[in-house]
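Novice: Output the structure for:
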Amino acid sequence: MPGITNGYGSLAGMDLNALHYFRAIASTGSLTAAARLLRVSQPALSVAVRKLEQRFGTSLLQRGPRGVLLTRTGEELARHADEMLLLAQRTAETIQGLESGDAGRFVVGCYHSFGAFFLPGFIRKLHADTPGIDVSLWEGTADEVRNAVVDRKVHFGVAVSPRPHPDLVLVKLFRDVMGVFASRELLRAHRGGPRALVKKGPLLSVERIFLSRKVVEALGTGGMLPERLMSCGDLELVKSLALNGVGPAILPARVAAYNLPKGALRLVSPTLPHELDEAYLFYRVDLHRTRAALRVKDALVARGRELDGALKLPNGVPSVAAQPGNLR
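Specialist: So this is what the prediction gives:
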């Protein structure tokens with residue numbers, strides 16, 4: 001309805017400018033008075049009335065001794081005119097608000113262990129800065145979230161190393177490390193070096209995570225795998241078991257650190273095999289870039305930058321912030 005922003009446009013085949021003119025005629029009871037009120041010519045009003053009469057297939061006005069009179073159908077149209085014009089105006093204001101205002105509803109998708117440390121800071125700040133924006137959450141693996149964004153079920157996805165797709169824009173948020181962590185108590189009780197600690201086991205991991213499998217393979221190549229490997233389905237369970245001293249665990253550094261006292265889980269050694277982990281924001285290339293959508297995107301990127309500087313990575317792994325040109 002492009003005409004709504006300029007006058008009244010049309011609604012369901014009806015010329016709303018003509019309806020506006022008719023409403024003025026009905027309220028004044030005179031073509032002359034309505035023309036003066038609207039600052040248009042009387043012929044323009046006559047044309048508008050004819051359009052409405054053709055639209056409805058009826059006569060709306062009759063000439064009287066002191067102006068014009070409404071027919072029965074004219075009275076019915078006049079009765080609904082105010083409501084229809086108000087609805088058109090409210091619709092225009094809503095559309096304009098969605099396009100240029102800080103209001104809207106968006107869905108952000110991610111895996112729960114990722115979201116646990118990423119989303120609270122993002123949502124808290126977004127709601128404080130733009131209370132008119134409503135965000136709901138969609139949970140799934142990196143591939144599931146990626147597919148949901150491609151299928152337009154989710155507006156924005158955040159995940160570790162998502163597979164590229166021609167319909168998606170990928171924005172690097174922060175770097176992480178998948179390494180071997182152990183509780184402070186387990187490290188204190190152990191008498192040997194890091195290799196001996198890993199070999200003692202049991203070694204905890206999430207087998208379905210690709211980078212976790214790579215670390216296990218590297219440990220095996222180095223002759224450091226224990227006899228007992230304990231595979232879990234969830235990083236949070238691995239974290240809990242490691243925190244309670246069951247054994248060393250393969251975890252992303254940020255998962256091992258969030259919501260725990262500093263040093264409760266520690267990287268066993270930067271000399272042990274580890275894999276670089278990269279987190280991305282992704283959204284469709286044809287995302288409708290309203291002001292609110294851009295505010296959500298910028299808030300997600302800002303949260304990624306915040307996290308990128310919040311954790312010291314082992315072996316001099318560079319942060320995203322140190323690499324210019326990777327944010328879009």
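Novice: the helices in the stretch 51-200 of the chain, which residues?
Specialist: Remark: helices assigned in the stretch 51-200 of the chain by DSSP state H, counting those that start in this stretch are 72-100, 112-129, 142-150, 184-189, 194-200.
Novice: contacting residues around the second one?
Specialist: For helix 112-129, the surrounding residues in contact (CB atoms under 8 Å, 6 or more residues apart in numbering) are 108, 110, 133, 135, 137, 139, 158-160, 234-236, 254-255, 257-259, 279, 295-296, 299-300, 302-304, 306-307. All C-beta atoms are positioned from the backbone trio N, CA, C, and that covers glycine.
Novice: Any buried residues in it, and which?
Specialist: Using 16 or more other CB atoms under 10 Å as the test for burial, helix 112-129 gives 113, 114, 115, 116, 117, 118, 119, 122, 123, 126.
Novice: want to try JSON lines for those residues, with distance to residue 26 and pLDDT as columns?
Specialist: Putting the buried residues of helix 112-129 into JSON lines (distance: CB to CB, whole Å; pLDDT from 0 to 100) gives the following:
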{"residue": "113", "distance to residue 26": "65", "pLDDT": "85"}
{"residue": "114", "distance to residue 26": "61", "pLDDT": "89"}
{"residue": "115", "distance to residue 26": "57", "pLDDT": "91"}
{"residue": "116", "distance to residue 26": "62", "pLDDT": "89"}
{"residue": "117", "distance to residue 26": "63", "pLDDT": "88"}
{"residue": "118", "distance to residue 26": "59", "pLDDT": "93"}
{"residue": "119", "distance to residue 26": "55", "pLDDT": "94"}
{"residue": "122", "distance to residue 26": "53", "pLDDT": "95"}
{"residue": "123", "distance to residue 26": "51", "pLDDT": "95"}
{"residue": "126", "distance to residue 26": "48", "pLDDT": "94"}
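Novice: which among those gets closest to residue 36?
Specialist: Closest approach to residue 36 among these (CB to CB): residue 126, at 51.3 Å.
Novice: how near is that closest one to residue 132?
Specialist: 11 Å (CB to CB, to the nearest Å).
Novice: rank the helices of the stretch 51-200 of the chain by mean pLDDT and give me the bottom one.
Specialist: Among these, helix 72-100 carries the lowest mean pLDDT, a mean of 75.
Novice: residue ranges with poor pLDDT in this structure?
Specialist: 1-14, 92-101, 310-328 (pLDDT under 70).
Novice: which residue lies farthest from the center of it?
Specialist: Relative to the centre of the chain, the most outlying C-alpha is that of residue 65, 63.5 Å out, by CA atoms, centre = their mean.
Novice: who touches residue 210 in this structure?
Specialist: Neighbours of residue 210 in contact, by CB under 8 Å, 6+ apart: residue 161.
Novice: Not counting its neighbours along the chain, what's nearest residue 185?
Specialist: residue 245 (5.5 Å; CB to CB, 6 or more residues apart in numbering).
Novice: Was I right to think that neighbour contacts residue 184?
Specialist: No. If you go by CB atoms under 8 Å, residue 245 and residue 184 don't touch, sitting 9.5 Å apart.
Novice: So residue 205: helix, strand or coil?
Specialist: Under DSSP: H, G, I helix; E, B strand; the rest coil, residue 205 falls in the strand class.
Novice: so what's it up against?
Specialist: Taking CB under 8 Å, 6+ apart as the test, what residue 205 contacts is 212, 213, 215, 216, 229, 230, 231, 232, 238, 249, 250.
Novice: Quick check: chain neighbours aside, which residue is closest to it?
Specialist: residue 250 (4.2 Å).
Novice: Let me know whether that neighbour touches residue 198 as I believe.
Specialist: No. Applying CB under 8 Å, one finds residue 250 not in contact with residue 198, separated by 9.8 Å.
Novice: quick one on the thing from earlier: so which of the helices of the stretch 51-200 of the chain is the most surrounded?
Specialist: Mean neighbours per residue, mean count of other CB atoms under 10 Å, is largest over these for helix 142-150, with a mean of 20.
Novice: Give me the packing partners of it, helices and strands only.
Specialist: Applying 3 or more CB pairs under 8 Å, 6 or more residues apart in numbering; DSSP states H and E, one finds that helix 142-150 contacts strand 104-110, strand 156-160, strand 168-183, strand 275-284.
Novice: now for the helices of the stretch 51-200 of the chain, which one comes closest to residue 170?
Specialist: Of those, nearest to residue 170 by CB to CB is helix 142-150, at 9.8 Å.
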